[in-house]
Structure formats: C-alpha cells, structure tokens
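In: only geometry, no sequence info:
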C-alpha cells in the first residue's frame, strides 16, 4: 500500500469517527481480526459447560472468533458503543432493596437497542459509501456469532473486567456495543489496557456467585441467564439469591468503582416505559399475556416470554416479605396452565408458609 493510500485511509478513519459521533455513538474504534487468545478462552469456557442451554454459543464453531470466516473478506472491524443508562431513573440499589418491587436490568427499561443501533450502523455504512463508493461490510448488533467485547477491547473502547463486562475508564460499563465488519484496510486503533488491579468487588457481590474466578463466568448461575435465557425451571437453590430481580441483574456493574464515571444515555428511546423502573411485583404479576405482549412491544423484556415472566415474578414474590396481598396474588396463579409457573408459585407459597406463622397451612391450593 502506497503512502498516499495510507494517508487516505487514515483520513477516512478520522471521518468515520466523526460520523459515528454525529449518529449518536459515544465512541468508535477500529481493530483487526486476530482473536487467537480469545478463541482459546471461549473454547475452555464451552468445554466447562458454562454456557448452559445457550447452545448457539458453540454452534458456529470458529466463526465467532474469526471474523473473516463469518464474513469472508473482512480485514477490519469498526466497533461502536452507545450509552444506555437513562437519566432520572430511580437509583438501582433503591429498587433492589425494595423487596415488593421488581428489578429490571437498566439496559432493558426502554426501547430494545438492537434495531436502533443496527439502523445507525447502516447509516454509518451509507456515509462511508457516499465518500468512497461501494465497499464490503456487514452490520452486527447481537445478531450473529461475534466476540464483540474482545473486538471492542482491541479497538480501544475498554477492557474486559473480572465480571466479563467491558469497562471504559471514562464511561464505566453501562453501554451497548455494535460492529461493522468491513474489507477496508483502515488503520487499527491501540487496544485498551486493563485497570481492575486487585479489586474483586464484582466477584464478591454476585448474589449467586456466578463469577467463579476472575474473568470466568458460569452462566448457569448468572441471574441474567436464569431470568432470560433459561426457559425451564430455575434451580431451587438459586431462587432465594435472585431476590427481586425479574429480568437481568446489574449488581456486578453497580458495585464497580469505574461506574462513577458512567455517562447518561442521550437517546430518548432508552427512557423507562410503562413505569417498569421499580413497579410493584403484585401489579406486574397481574398482567395478562395480552398486556405483557402489548406493554413489552419493542422492548428487550419480551425476549423472556410471558411464561418465564410469570416464573421470574413468582420467585421474586416468594422472596418478598409475607403479606395477604402477595399470598392472594400467588394463589390466583396457583392453577395456571403452565407447569413451570405452577411449580414456582408453589415454591413461593411454601416459602411464605415457612416464614409467616399466620400463613402456615393457608397457602396450599
């Protein structure tokens, strides 16, 4: 490649970063496609069975860790981040400590980010095409086998913390990631370096002890996996530690010292919908399937499905302080058509029986 070509691609990279910012991305970086060490880490993680029922993590073989196999011709990956913490929300710990409220992971309170970010990435690609003509690319936002955190680290967007979440020294970890795979030989940015040091707050605070070692997450114990990915029965020994977390979990991020630098979202669509920021469990448990589908339209929460939604809330109600209101709500679902829902309702009622002398013997349908 000639010196003039190098200068042209360096100028283009600078333009792409400016365009990405104009499109609402908080930061953009460029990486190569070599992920050898990350591929080995993924292979060990899969061999240990830490992916649980997420069979798709193994299904695509090396295409996840080799971008040029997933999209032939890929030379560079453009990684972007978009901050998602909505301003003005209740403090997360206040919701978690309100046992009668349902905690929803902060990223899921508003509009589902997948289509929004993919649309912005498509606009970014169109700006590049307008500047240089046709080129090869593919946009991804959790839509294909991509090691997005490793690519973002290599692009300088942050380092992978001990909780396996990407951390940025200026912005914490409350952000989404997206990628443009491209055949353009753009200059590569400097990878981020790690700054967790000896801190292990994320490991110690995990309610279910899912972070089994630094940088090693057993998804089978992770509350996000249990409340979203797992479609069957939640292991009984993990139900009490779940507390009132009904969709996802943020504890490892909430305790991270770097999140004192977290940036508020600038995208209005990430604002909480339907009062889900600390809504009462009894009210959420009363939603019909029609109400669930209507109120979660365009939101990540719909991904869990109505049956798992009721299952998760039943667990949270079982962990709430005993009351006649909660008992009545559980009894109303005790004959639900779903065996999964009935099982978790029965567990919740039995738990209340064991905690409340007044309720003993009254909770069996």
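Out: Looks like it came in fine. This is a predicted model, so every value here is computed, not measured. Numbers count the residues shown, from 1 in each chain.

In: from here on, contacts and neighbour counts on C-alpha atoms
Out: Noted.

In: Test my guess that residue 168 contacts residue 157.
Out: Yes: Residue 168 is in contact with residue 157 according to Cα atoms under 8 Å; the separation is 6.3 Å.

In: Those two: who's more crowded?
Out: residue 157 (31 against 25; other Cα atoms under 10 Å).

In: if you skip the residues just before and after it, what's nearest to the residue most central in space within the chain?
Out: Centroid-nearest residue in the chain, with Cα atoms, centre = their mean: residue 107, separated by 6.9 Å. Closest residue to residue 107 apart from its sequence neighbours, by Cα to Cα, 6 or more residues apart in numbering: residue 84 at 6.0 Å.

In: repeat for residue 103
Out: residue 245 (4.6 Å).

In: What of residue 202?
Out: Using Cα to Cα, 6+ apart, the nearest residue to residue 202 is residue 252, at 4.4 Å.

In: What helix or strand is the one you found located in?
Out: helix 251-254 (DSSP states H and E).

In: And residue 177, by the same measure?
Out: Assigned by DSSP H and E, residue 177 falls in strand 175-182.

In: cool, and residue 167?
Out: With DSSP H and E as the criterion, residue 167 is inside strand 166-167.

In: ok, residues contacting that strand?
Out: By Cα atoms under 8 Å, 6 or more residues apart in numbering, the surrounding residues in contact with strand 166-167 are 149, 153, 158-161, 173, 258.

In: So which elements touch the strand holding residue 177?
Out: strand 76-83, helix 113-132, strand 137-140, helix 148-154 (3 or more Cα pairs under 8 Å, 6 or more residues apart in numbering; DSSP states H and E).

In: Looking at those, which is nearest to residue 290?
Out: Ranking those by proximity to residue 290 (Cα to Cα) places helix 113-132 first, at 22.8 Å.

In: roughly how far apart are the residue lying closest to residue 99 once chain neighbours are set aside and residue 93?
Out: Closest residue in space to residue 99, ignoring its immediate chain neighbours: residue 320 at 5.1 Å, by Cα to Cα, 6+ apart. For residue 320, the distance to residue 93 equals 16 Å [Cα to Cα, to the nearest Å].

In: neighbour count winner among those two?
Out: With neighbours defined as other Cα under 10 Å, residue 320 and residue 93 compare such that residue 320 has more, 21 against 13.

In: give the contact list for the more buried one.
Out: 99-100, 243-244.

In: What segments of the stretch 151-300 of the chain are strands?
Out: Counting by DSSP state E, counting those that start in this stretch, the stretch 151-300 of the chain has strands at residues 159-160, 166-167, 175-182, 211-213, 216-217, 245-247.

In: Rebuild the ones you listed as CSV, extending it with distance to residue 62, mean neighbour count and mean pLDDT.
Out: Converted to CSV, the strands of the stretch 151-300 of the chain look like this (distance: least, Cα to Cα, whole Å; neighbours: other Cα atoms under 10 Å; pLDDT from 0 to 100):
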stretch, distance to residue 62, mean neighbour count, mean pLDDT
strand 159-160, 20, 24, 98
strand 166-167, 22, 26, 98
strand 175-182, 16, 24, 98
strand 211-213, 25, 17, 98
strand 216-217, 20, 18, 98
strand 245-247, 30, 27, 98
